[in-house]
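**Student:** structure of the sequence below:
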Amino acid sequence: MRTATLVFLLCLSTLRLVAQEPLDAELIPDSLLRGSDAVIRFSDTRFERTRLDAYTEHVHYAVTVLHKSGRSAAGLRIFYDRNSKILDARGTLYDKHGEVLSRIGAKDMEDESAYSSYTLFSDTRVKSAGPVHQEYPYTVEYEYSIRHQAVVSYANWIPQRGFDIAVQEAGLELRTPEDLGFSAKVLNHEFEQEETREGSMRIHAWRARGLKPVSTASSRPHEFDFMPAVLLSPTEISYEGTTGSYRSWEDYGRWTYSLIRDRMDLPPETVSRVRVLTEGVSDPRERARILYAYMQQRTRYVNVVLGLGGFQPLPASEVDEKGYGDCKALSNYMRALLASVGIPSYYAEIGNGDQRQLKYPDFVSANQTNHIILCVPFERDTVWLECTSQTAPFGYFGQGNAGRYALLIKESGGELVRTPSFDSETNLRLTRAEFALDESGNASCGSKTVFSGLEYETASRLLSLSPREQREALLRYISVDGLELTEVEVGSGRGEVPDARIAIRGDVHRFAKTAGSRMFLGPEFLFSRTEFSPLETDRSLPLYRATGFRHVDSLTLSLPPGYHVVALPEEKETESPLGQYSLRYEQEGDKLRIYRDLRLFPGSFDPARFPEINDFHRLVTTGDRQKIVLQKNEI
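**Tutor:** Model prediction:
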């Protein structure tokens, strides 16, 4: 009897396995479920180039959403423009057993401008879809094809499509004619690779299986430092009647130069005006400073992504007339202004921001850049200009452009150079503050703070605000509770290193807490909201800090009449891979001086050092929160 029952159960189990649909969530290996919000069941991407100026992109994939936190993985976004056409797009929603719940066609998808919130002119649109389904797990399958009538790049292939997503199987295929080349860069994984031929077509394929999820983390390195990926770039390019080559950065620069070569014309009256502005100024650097201020006053930034305009700047004369442009147009306009007074400069392509940069000098591609700045070489140094800002000081080009490769666009071709970095000592916030306590624990205070280097960005927004807005912003930012500001002065220096300067005076209600004959107070460094979140010791990604900084605070406390110090916190001095910290006290008569110095270093810090870094974080936090105790003198 037992044997018959066992056979019956085994038969039922076998029937269940046979009956399971391919997208049944139960078929996902346990090894891919741990730590995953979603699992890509299969994904196939194919680029098929048919001629110099055309290729077809075909994408087919299915993803199972395991939890509510993975819903974003179920969304579809297909970008296209006037040089591309969506040939087909469809989707299917499945339940947890892989049974069809509903289907969606291209006509059912949303279709809208891709950049409507911040772009003046754009022909880039996005077709999107996403299921409204609350029963987990569920699976969505999408398939679409796009015909591209221009070839300047292929989309980067990152099979995991995001954090906390595992992959059962994913493949990339590139089909290209024998006479049209490409380059490839493989990152962070040993993909299965294959090369075959079909007639005059070369076929290159990459495949990955069983990719475990990568957990999201703050302050992480660039995604190409850890995510499996394949980067592709065409060697021969064609875009709206222009052709070029990506065989070298020099060739890339020659094509870009052909787009900007004839865009520097300025109206005669503008040329006369700028020459009058710089008349009698012999120093080329000072002339450039004058013209940079002139450009900032006359223009504003708007984005333009319209056909060839996505690569080619508006003519300088049009920017001069309309008073606006994108990074390409404003940099080109500034280049024209400088040229009108005999100062040469170079249009420079760069990758701006944490997750986009020209990272691989050995791999020529358009996908590594997203921004244009201007390089102005002088006899003794070089100045870089961020032309999209109406407030940036001359020569300040921002953290997002610092310490990375840029491609100078010259008539002879492109030239890779590195932009300057801002070191920890340059990125300085220096505060000198005074607090005078009365017998009730209230205080009057005054301080002067200088934000220089990249710390300038912390305070630079204040420079463009009204006095009322400056006061409101400072009250939100300053870490002292009960502060009432009576005077606020905001300005900036004109040195080689940009800085913002803030001077305040005010009163603090209950600066010190009273208890009988004693007062208790903290150091209250005005701008020291240096807050650290504990690093998870099981985190897989390094802690990455692109830049460092130094915060130096000196605080003088005038004790209330008839009080003396009875307890001072322990002085601190420590160093870790992440930085250095010191806190010390000096007393002279009724004055107590407190000195705080915090340095954080740039770099990539391995998870093995997280316990040591967390200890450093805790020491800084506890040091800043220690209490000083005052005692009223006995009569």
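
**Student:** can you pull the contacts of the closest residue to residue 164 other than its chain neighbours?
**Tutor:** With C-beta to C-beta, 6 or more residues apart in numbering as the criterion, residue 164 has its nearest non-adjacent residue at 4.3 Å, and that residue is residue 37. Using the backbone N, CA and C atoms, a C-beta is placed for each residue, glycine as well. By C-beta atoms under 8 Å, 6 or more residues apart in numbering, the contact set of residue 37 is 65-67, 69-70, 73, 164-165, 213.

**Student:** report the secondary structure element holding the nearest residue to residue 95 once chain neighbours are set aside.
**Tutor:** Counting by C-beta to C-beta, 6+ apart, residue 101 is the residue found nearest to residue 95 once chain neighbours are left out, at 5.5 Å. Using DSSP states H and E, residue 101 sits in strand 100-105.

**Student:** residue 316 contacts residue 332, doesn't it?
**Tutor:** Yes. Using C-beta atoms under 8 Å, residue 316 is in contact with residue 332, at 5.9 Å.

**Student:** so where's this protein shaky on pLDDT?
**Tutor:** 1-20, 114-123, 304-309, 494-496, 528-530, 635 (pLDDT under 70).

**Student:** show me where it has its helices.
**Tutor:** Along the chain, counting by DSSP state H, helices occupy 2-19, 30-33, 249-260, 268-277, 284-298, 316-322, 327-339, 456-460, 467-477, 610-625.

**Student:** number of nearby residues for the residue lying closest to residue 545 once chain neighbours are set aside?
**Tutor:** Once flanking residues are discounted, residue 545 sits nearest to residue 602: 5.1 Å by C-beta to C-beta, 6+ apart. Per other C-beta atoms under 10 Å, the neighbour tally for residue 602 reads 17.

**Student:** I'd guessed residue 543 sits against residue 610; true?
**Tutor:** Yes. Using C-beta under 8 Å, residue 543 makes contact with residue 610 at a distance of 7.2 Å.

**Student:** now do the shared contacts for the two.
**Tutor:** Common neighbours of residue 543 and residue 610 (C-beta under 8 Å, 6+ apart) are residue 535.

**Student:** just to revisit the earlier point, and among the helices of the chain, the most buried is which?
**Tutor:** helix 327-339 (a mean of 25; mean count of other C-beta atoms under 10 Å).

**Student:** what angle do that helix and helix 284-298 make?
**Tutor:** 130 degrees (axes from the mean of the first three to the mean of the last three C-alpha atoms, to 10 degrees).

**Student:** make 26 the starting number, not 1.
**Tutor:** I'll keep to 26 as the first residue from here, and by that count the last item is helix 352-364.

**Student:** mind giving me the packing neighbours of helix 352-364?
**Tutor:** Contacts defined by 3 or more C-beta pairs under 8 Å, 6 or more residues apart in numbering; DSSP states H and E place helix 352-364 against helix 309-323, helix 341-347, strand 371-375, strand 396-402.

**Student:** that helix: how far from the chain's middle?
**Tutor:** 25 Å (C-alpha atoms, centre = their mean, to the nearest Å).

**Student:** now do stretch 117-136
**Tutor:** 34 Å.

**Student:** picking up where we left off before, what's in contact with the strand holding residue 126?
**Tutor:** 114-120, 154, 156, 158, 163.

**Student:** give me the sheet partners of that strand and which way each runs.
**Tutor:** strand 109-119 (antiparallel) (DSSP bridges).

**Student:** return stretch 456-474 as CSV; C-alpha atoms alone will do.
**Tutor:** Presented in CSV, the C-alpha positions along stretch 456-474 are these (Å, rounded to 0.1, in the frame of the first residue of the first chain):
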residue,chain,number,x,y,z
THR,A,456,34.7,78.8,10.2
ARG,A,457,35.6,81.2,12.9
ALA,A,458,32.7,81.7,15.4
GLU,A,459,32.2,83.5,18.7
PHE,A,460,29.5,82.9,21.3
ALA,A,461,28.9,85.1,24.4
LEU,A,462,26.8,83.4,27.1
ASP,A,463,24.7,85.1,29.6
GLU,A,464,23.5,83.8,33.0
SER,A,465,20.3,82.5,31.6
GLY,A,466,22.0,80.3,29.0
ASN,A,467,21.2,82.5,26.1
ALA,A,468,24.0,83.6,23.8
SER,A,469,24.8,86.2,21.2
CYS,A,470,26.9,84.9,18.3
GLY,A,471,28.8,85.9,15.2
SER,A,472,30.7,83.9,12.6
LYS,A,473,32.6,84.1,9.4
THR,A,474,32.8,81.1,7.1
